[in-house]
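Participant: give me a 3D structure for the following:
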Amino acid sequence: MRFLGNIEAKIDMKGRVFLPAAFRKVLQTEGVEQLVMRKDVHEECLVLYPESVWNEQMDSMRARLDRWNRRQQQLFRQFVSDVDLLSLDGNGRFLISSRYKRMAGIEQTVRFIGMGDTIEIWAVRDGEPFGDGCDLGAALEELMHDTDRK
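Facilitator: Here you go, the predicted model:
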């Protein structure tokens, strides 16, 4: 499953937004019926996980954590409990709750970013659309150069 692209969309008065057709097509091809939405742990955006991707991530996280370690249990609980389960309506729309709109600073327009196996939802603002505006070329050069050495 690969989501690619950068697509803007408007939120309607009820808080619903159309999932871009390119992303809906990927979901339909894979037979995905439910999505999981949560606030990103690092950035001021929302992340949509196809249910199978979410389940894999939960299984991977659970395998790394000790059920008998209080702090690790708290982290796991916090990560998995603060989610919304979503289904697209017949028109390909879903609801972004007021709580999630506040957490991500979303008003009327959002930007969907395909991130491979997930989809990010960013508020559209003046200036940089997302991230800190790092020098992408220099950052990739450093990352890939270090990776090539391993």
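Participant: what's the burial count for residue 73?
Facilitator: 13 (other CB atoms under 10 Å). Bear in mind the C-beta positions are built from the backbone N, C-alpha and C, glycine included.
Participant: following the host helix or strand of it, which helix or strand comes up?
Facilitator: Using DSSP states H and E, residue 73 sits in helix 70-81. Using DSSP H and E, the next helix or strand after helix 70-81 towards the C-terminus is strand 84-86.
Participant: contacting residues around the next helix or strand after that next one?
Facilitator: Per DSSP H and E, the first helix or strand lying C-terminal to strand 84-86 is strand 93-95. If you take CB atoms under 8 Å, 6 or more residues apart in numbering as the criterion, strand 93-95 is touched by 12, 14-19, 35, 86-88.
Participant: where does the chain dip in pLDDT?
Facilitator: Residue ranges of the chain with pLDDT under 70: 126-134, 136, 146-150.
Participant: SS state for the residue most central in space within the chain?
Facilitator: Centroid-nearest residue in the chain, with CA atoms, centre = their mean: residue 47, separated by 1.5 Å. Following DSSP: H, G, I helix; E, B strand; the rest coil, the label given to residue 47 is strand.
Participant: who's in contact with it?
Facilitator: Residues in contact with residue 47 (CB under 8 Å, 6+ apart) are 37-40, 115, 118-121.
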